[in-house]
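In: what follows is a protein structure lacking sequence information:
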């Protein structure tokens, strides 16, 4: 069985300053060792999960395909947090700081989630799951 040590999700962004401000206001931080004037290393779970937020110009050097412009969906990014309250806190911070809503929240008793698009149009789902409440 293959086990992944860590994951780096690479996403194109238009403006690093706007991107850094947005994620900082949501309570996230960056690994400065892997951040520069071409990319930011957003820490999602230190040592395990990161998102490389890369300028369009630099991102284009990694692919021969066109870069999504924020008006199409290429991927949905789902992150799990520790509580329903944390879901609401992150989504409200996102909406107050340049994010937009693309879908309403949903509560399935055992799973609660809400969603936002970041300033570059990347779609994020923030969820909380309580395995004890999963219908069996």
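Out: Okay, I see it. Owing to the predicted nature of the structure, the values given are computational and were not obtained by experimental measurement.

In: switch to C-alpha atoms for all contacts and neighbour counts from now on
Out: Will do.

In: quick one: mean pLDDT for the lengthiest helix in the chain?
Out: Using DSSP state H to define each element, the chain has its longest helix at helix 84-96. On average, the pLDDT along helix 84-96 is 97.

In: got the domain ranges for this structure?
Out: The record assigns the chain these domain ranges, following automatic domain parsing: 1-62, 74-136.

In: and those as TSV, adding distance to residue 68 and mean neighbour count?
Out: Below are the domains of the chain laid out as TSV (distance: least, Cα to Cα, whole Å; neighbours: other Cα atoms under 10 Å):
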stretch	distance to residue 68	mean neighbour count
domain 1-62	8	15
domain 74-136	7	16
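
In: tell me how far the residue of the chain most remote from its centre lies from residue 110.
Out: Most distant residue from the mean C-alpha position of the chain: residue 136, 30.7 Å away (Cα atoms, centre = their mean). Plainly put, residue 136 is 11 Å away from residue 110 if you go by Cα to Cα, to the nearest Å.

In: show me where the chain has its helices.
Out: Going by DSSP H, the chain shows helices at 16-25, 56-59, 84-96.

In: for residue 43, which of those helices is the nearest?
Out: Smallest distance to residue 43 across the helices of the chain (Cα to Cα): 9.8 Å, for helix 16-25.
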